[in-house]
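Asker: Fold the following for me, if possible:
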Amino acid sequence: MQTPQKIAVVGSGLVGTLLAIYLKRLGHTVHVYDRSPDIRTVEFSGRSINLVMSHRGWKAMEDVGLNDEIRKIGIPVDKRAIHLKDGQLNYQYYGKEGEAIFSLSRGVLNRRMIDLAEEAGVEFFFEHRIWDVTLADATLHMGETERGEWTDLKYDKVFGADGAFSRIRHRMQRQSMFDYSQEFMKLGYKELHIPANPDGTHKIDKNSLHIWPRGNFMLMALSNLDGSFTCTLFMPFEGENSFEQLKDEATLVDFFAEFFPDTKEVIPDLVKDFFKNPTSYLAIMKCYPWTYEDKVALIGDSAHAIVPFYGQGMNAGFEDITVLNEMISKYGDDWKKVFSEYQKSRKPNADAIAELSRRNFVEMSTKTADAQFLLQKKIEKWFSDKHPDKWLPLYSRVTFSLHPYSEALALGDFQNKIMEEVMQMPKIEENWNSQEVENKIIQLLKK
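Answerer: Presented below is the predicted three-dimensional model:
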């Protein structure tokens, strides 16, 4: 336990809410502010991508004993289901037998987390607009409008968990020696919906991440508890096969008939959903430092927003909390040291998962439909099963381990160089699981 302090968390999303639970358990008074209404009172849809919880997220949940509660609202997903244009369906298993990510509806999870935080004694203040913070003394400034009258709220510590467009970070950016970059992808996304069957069952396999890879665009779907699927269409904003081309009902229907013919039966409200739901943006945001003295710290997307193609955004944010908690255990009331070591530990890993996530779009949208790529993954899995001490595939290292993301990026690049040589071996399609291939990989690993 630390000396109790009065702490504000700005942002009632998943990272802010879990952080509040941690801080409350440490004996602090914790207030969470959010400019939006209480998510438990509003209909939540239209711009969501389902979340997947993996090893790092579960670790953060386990440390405060919430993993069993959260597992109840998730569905295990142990493989990709690749829907090819010719109607063929291929399955690609993720890890070892029994390893699975969990599909979670963002709205369902966020509501449950807020309930759990309130049960722990955290106080929430919804529809309270925080416009600014005085860094030197952790005072929040709240008001109806940015230019109107503000109320001052004095705290011992402030955590900015208010997402990619964080107001807390906005203030920190105005310091000298603060690095900041924001990059919008040329891709956008739109939410679509596969409803449940009349009896409440799922129309397609619920334990798969469904991907329709089509090169520079793709469709994906993840299951929900109610029998439905949340689908996400990722496409360029402009150019060939882009959102700008799909301007009317006839063009949209023809486009889906050409590229996603097997969805006709399962997405009955395609036209309504497509034109009702917004086209949303994807951005990568990086900054440093994440903290100010012993007063203010950024966490989750406010410090490192990434694209969703590795399913690690929430997991990376939760791992921030795990590391922060480790630093608190180590340094106790020395908050300056806690903050300093937290950001030093997390920054390289946040940059690494940003890069891995960017790359994974190409894997999902293009390579999963490529026979050579699938063979490469098969060889990696075969070799890893035989030599688990020598080879952990990149996806497993990111998703089913707690190894640092920066290590995963570096080792993934090294492994890929090895596999480029292996894939050039004569008759690799026939001899992929031969002694010769095994020896070649072992030899290349020693270089």
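Asker: CA atoms for contacts and neighbours, from now on please.
Answerer: Will do.
Asker: Show the average pLDDT along stretch 207-220.
Answerer: Mean pLDDT, computed over stretch 207-220, is 96.
Asker: What's the end-to-end length of that stretch?
Answerer: End-to-end distance of stretch 207-220 (CA to CA, to the nearest Å): 13 Å.
Asker: and what of stretch 259-270?
Answerer: 14 Å.
Asker: Now it: buried residues?
Answerer: Using 16 or more other CA atoms under 10 Å as the test for burial, stretch 259-270 gives 259-262, 266-267, 270.
Asker: Mind putting the residues you listed into TSV with distance to residue 403, secondary structure and pLDDT?
Answerer: Below are the buried residues of stretch 259-270 laid out as TSV (distance: CA to CA, whole Å; DSSP: H, G, I helix; E, B strand; the rest coil; pLDDT from 0 to 100):
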residue	distance to residue 403	secondary structure	pLDDT
259	38	helix	97
260	37	coil	97
261	40	helix	96
262	39	helix	95
266	39	coil	96
267	39	coil	97
270	41	helix	97
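Asker: Residue 222 versus the nearest residue to residue 165 once chain neighbours are set aside, what's the distance?
Answerer: If the residues on either side of it in the chain are set aside, residue 165 comes closest to residue 302, at 6.8 Å by CA to CA, 6 or more residues apart in numbering. According to CA to CA, residue 302 stands 26 Å off from residue 222.
Asker: now the helices: where do they sit in the stretch 101-250 of the chain?
Answerer: Per DSSP state H, counting those that start in this stretch, the stretch 101-250 of the chain carries helices over the ranges 106-120, 167-172, 249-259.
Asker: Tell me which residues are up against stretch 114-132.
Answerer: 10, 12, 17-18, 20-21, 24-25, 29-38, 140-146, 167-168, 171 (CA atoms under 8 Å, 6 or more residues apart in numbering).
Asker: list the helices and strands the biggest strand by length in the chain packs on?
Answerer: Ordering each strand of the chain by length in residues (DSSP state E) puts strand 179-194 first. With contacts taken as 3 or more CA pairs under 8 Å, 6 or more residues apart in numbering; DSSP states H and E, strand 179-194 sits against strand 229-236, helix 270-276, strand 280-288.
Asker: hang on, the earlier thing: put together TSV for the helices of the stretch 101-250 of the chain, with distance to residue 413 on each row.
Answerer: TSV is the format used below for the helices of the stretch 101-250 of the chain (distance: least, CA to CA, whole Å):
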stretch	distance to residue 413
helix 106-120	32
helix 167-172	32
helix 249-259	32
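Asker: Which one of these lies nearest to residue 338?
Answerer: Comparing the helices of the stretch 101-250 of the chain against residue 338 with CA to CA, the closest turns out to be helix 167-172 (18.4 Å).
Asker: For residue 381, give its distance to residue 397.
Answerer: 12 Å.
Asker: do residue 164 as well
Answerer: As judged by CA to CA, residue 164 and residue 397 stand 26 Å apart.
Asker: What of residue 232?
Answerer: 25 Å.
Asker: Equivalent analysis for residue 24, please.
Answerer: 32 Å.
Asker: immediately after the longest helix seen in the chain, which helix or strand?
Answerer: Counting residues, the longest helix in the chain under DSSP state H turns out to be helix 335-365. Next in sequence after helix 335-365, counting helices and strands by DSSP states H and E, comes helix 371-386.
Asker: Direction-wise, compare that next one with helix 335-365 and give the angle.
Answerer: 130 degrees (axes from the mean of the first three to the mean of the last three CA atoms, to 10 degrees).
Asker: and helix 371-386, average pLDDT?
Answerer: The pLDDT scores in helix 371-386 average 94.
Asker: so after it, what's the next helix or strand?
Answerer: helix 394-399.
Asker: Show residues contacting that following helix.
Answerer: Residues from elsewhere that reach helix 394-399, judged by CA under 8 Å, 6+ apart: 54-56, 94-95, 101, 312, 403, 405, 408-409, 411-412.
Asker: out of these, which are inside strands?
Answerer: residue 101.
Asker: Farthest pair within the contacts of helix 394-399?
Answerer: 101 and 411 (21.8 Å).
Asker: Can you pick out the residue with more neighbours from the two?
Answerer: Ranked by neighbour count (other CA atoms under 10 Å), residue 101 and residue 411 place residue 101 first, with 25 against 17.
Asker: where's that one relative to residue 56, distance?
Answerer: 11 Å.
Asker: same check, this time on residue 352
Answerer: 15 Å.
Asker: more neighbours, those two?
Answerer: It is residue 56, of residue 352 and residue 56, that has more neighbours when counted by other CA under 10 Å, with 24 against 18.
Asker: Surely that one and residue 317 touch.
Answerer: No. In this structure residue 56 lies outside contact range of residue 317 using CA atoms under 8 Å: 9.3 Å.
Asker: Look up how far residue 36 lies from the closest residue to residue 432 other than its chain neighbours.
Answerer: Excluding the flanking residues, the one nearest residue 432 by CA to CA, 6+ apart is residue 379, at 6.3 Å. The spacing between residue 379 and residue 36, counted by CA to CA, is 49 Å.
Asker: Neighbour count for those two, which is higher?
Answerer: The neighbour comparison of residue 379 against residue 36 (other CA under 10 Å) goes to residue 379, with 22 against 14.
Asker: Okay, that one and residue 339: tell me how far apart.
Answerer: 43 Å.
Asker: Check residue 188 too.
Answerer: For residue 188, the distance to residue 339 equals 35 Å [CA to CA].
Asker: Check residue 41 too.
Answerer: For residue 41 relative to residue 339 (CA to CA), the value is 35 Å.
Asker: So which of these two has more stuff around it?
Answerer: Legend: neighbour count by other CA under 10 Å for residue 41 and residue 339, higher for residue 339 (23 against 8).
Asker: which residues does the residue most central in space within the chain contact?
Answerer: The geometric centre of the chain, computed from its C-alpha atoms, lies nearest to residue 313 (CA atoms, centre = their mean), at 2.4 Å. Listed by CA under 8 Å, 6+ apart, the contact partners of residue 313 are 300-301, 305-307.
Asker: what bits of this protein have low per-residue confidence?
Answerer: 44-47 (pLDDT under 70).
Asker: Would you point to the one among the helices and strands packed on strand 179-194 that's packed deepest?
Answerer: strand 229-236 (a mean of 22; mean count of other CA atoms under 10 Å).
Asker: How far off centre is stretch 141-150?
Answerer: Put simply, stretch 141-150 sits 32 Å off its chain's centre (CA atoms, centre = their mean, to the nearest Å).
Asker: typed the wrong thing, it's stretch 299-306
Answerer: Worked out by CA atoms, centre = their mean, stretch 299-306 lies 10 Å from the chain centre.
Asker: contacting residues around that stretch?
Answerer: Contacts for stretch 299-306 (CA under 8 Å, 6+ apart): 15, 159-166, 169, 283-288, 290, 313-314, 316-318, 320-321, 350-351, 353-354, 357-358.
Asker: Show me the beta-bridge partners of residue 157.
Answerer: residue 7 (DSSP bridges).
Asker: can you pull the contacts of it?
Answerer: Residue 157 sits next to 5-8, 138, 294-296 when contact means CA under 8 Å, 6+ apart.
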